[in-house]
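Engineer: Build me a model from this:
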Amino acid sequence: MSDKPAVTPDGYCTNTQPVSGTIEQVNGHALGGKFFKMHGRRYADCPCGRRPSLTDRDKLRRHKPPKE
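Structural biologist: This is a model prediction of the structure:
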């Protein structure tokens, strides 16, 4: 059995729990004005291989796994 989470028929990853210890907050100010929209956003790794942002309840946002 693979360690990758299941995928829905429309191609989205079913996992909502981030990999523990991978949550970090982006400092958009250090990236410059073009990327300031990322300031304060929190990102975490998913077992499928993506790095989506988190919701307010520390769940991964809906995302598609990377193409293989």
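Engineer: okay, which residue is most central for the chain?
Structural biologist: For the chain, Pro52 is the residue whose C-alpha lies nearest the centre (Cα atoms, centre = their mean; 1.7 Å).
Engineer: Asp56: neighbouring residues, count only.
Structural biologist: Residue crowding around Asp56 was assessed by other Cβ atoms under 10 Å; the count is 6. In short, each C-beta sits where N, CA and C put it, glycine included.
Engineer: Oops, could you answer that again for Thr22 instead?
Structural biologist: A count of neighbours around Thr22, defined by other Cβ under 10 Å, yields 11.
Engineer: picking up where we left off before, so who does the residue nearest to the residue nearest to the centre of the chain when sequence neighbours are not counted touch?
Structural biologist: Once flanking residues are discounted, Pro52 sits nearest to His63: 4.2 Å by Cβ to Cβ, 6 or more residues apart in numbering. With Cβ atoms under 8 Å, 6 or more residues apart in numbering as the criterion, the residues that contact His63 are 12-13, 46, 48, 50, 52.
Engineer: try it again with 10 Å
Structural biologist: Listed by Cβ atoms under 10 Å, 6 or more residues apart in numbering, the contact partners of His63 are 12-13, 15, 46, 48, 50-53.
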